[in-house]
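J.: sequence plus the predicted model coming up.
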Amino acid sequence: MDKNMANAYSEVLDILKHIEPEYTEKVPRELFNIFRDECNKEYLDTLLSDKTDFLEKDYSKEALTVIAYLNLKYWCETKEEQKYYRDMYLKNNN
């Protein structure tokens with residue numbers, strides 16, 4: 001596994017730890033297993049022990065891309081909501 005993606009999976013797990021269960025429960029267990037199995041465990045330990053609010057952390061572009069995917073695939077409840085976020089993501093160069 002590429003080190004950048006292993007770190008990104010660690011960051012995704014850190015983000016998911018901080019969001020509401022109503023959202024994390026919608027993510028298939030298989031994806032959680034991939035994130036957990038493929039993450040950089042040392043980096044994950046560092047992230048989880050960091051007391052900085054997760055909204056203030058500087059997550060990688062790769063991690064934010066995975067979160068955007070989860071949003072579109074599992075958290076948007078309507079086609080209109082999916083379209084809104086997809087358009088917003090496409091306009092965002094970062």
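T.: Nice, I can see it.
J.: tell me where the model's unsure across the chain.
T.: 1, 94 (pLDDT under 70).
J.: where along it do the helices fall?
T.: Applying DSSP state H to the chain gives helices spanning 3-18, 21-24, 29-38, 41-49, 61-70, 79-91.
J.: mind listing what's buried along the second one?
T.: Along helix 21-24, the positions that meet the burial threshold by neighbour count (16 or more other Cβ atoms under 10 Å) are Thr24. C-beta here means a position set from N, CA and C on the backbone, and glycine is covered the same way.
J.: swap in the longest one?
T.: In terms of neighbour count (16+ other Cβ under 10 Å), helix 3-18 has its buried residues at 5-16.
J.: nearest to Leu55 among the helices of the chain would be which one?
T.: Leu55 lies closest to helix 3-18 among the helices of the chain, at 8.2 Å (Cβ to Cβ).
J.: what packs against that closest one?
T.: Judged by 3 or more Cβ pairs under 8 Å, 6 or more residues apart in numbering; DSSP states H and E, helix 3-18 is in contact with helix 29-38, helix 41-49, helix 61-70.
J.: ok, back up a step: distance to Leu55 for the helices of the chain - can I get that in CSV?
T.: Shown next, in CSV, are the helices of the chain (distance: least, Cβ to Cβ, whole Å):
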stretch, distance to Leu55
helix 3-18, 8
helix 21-24, 15
helix 29-38, 20
helix 41-49, 13
helix 61-70, 12
helix 79-91, 18
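J.: hmm, back to that, single out the most deeply packed of the helices and strands packed on helix 3-18.
T.: For the helices and strands packed on helix 3-18, the largest average neighbour count (mean count of other Cβ atoms under 10 Å) is found in helix 61-70, namely a mean of 16.
J.: run the angle between that one and helix 79-91 for me.
T.: Calculated by axes from the mean of the first three to the mean of the last three Cα atoms, to 10 degrees, helix 61-70 forms an angle of 160 degrees with helix 79-91.
J.: got the angle for helix 61-70 vs helix 3-18?
T.: Using the same axes, to 10 degrees: helix 61-70 against helix 3-18 is 50 degrees.
J.: using CSV, list the CA coordinates for helix 61-70.
T.: Extracted C-alpha coordinates of helix 61-70, given in CSV (Å, rounded to 0.1, in the frame of the first residue of the first chain):
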residue,chain,number,x,y,z
LYS,A,61,-6.3,15.7,0.2
GLU,A,62,-6.5,12.0,-0.1
ALA,A,63,-8.3,11.6,3.2
LEU,A,64,-10.7,14.4,2.3
THR,A,65,-11.4,12.8,-1.0
VAL,A,66,-12.3,9.5,0.7
ILE,A,67,-14.6,11.4,3.1
ALA,A,68,-16.2,13.2,0.1
TYR,A,69,-16.8,9.8,-1.5
LEU,A,70,-18.4,8.5,1.6
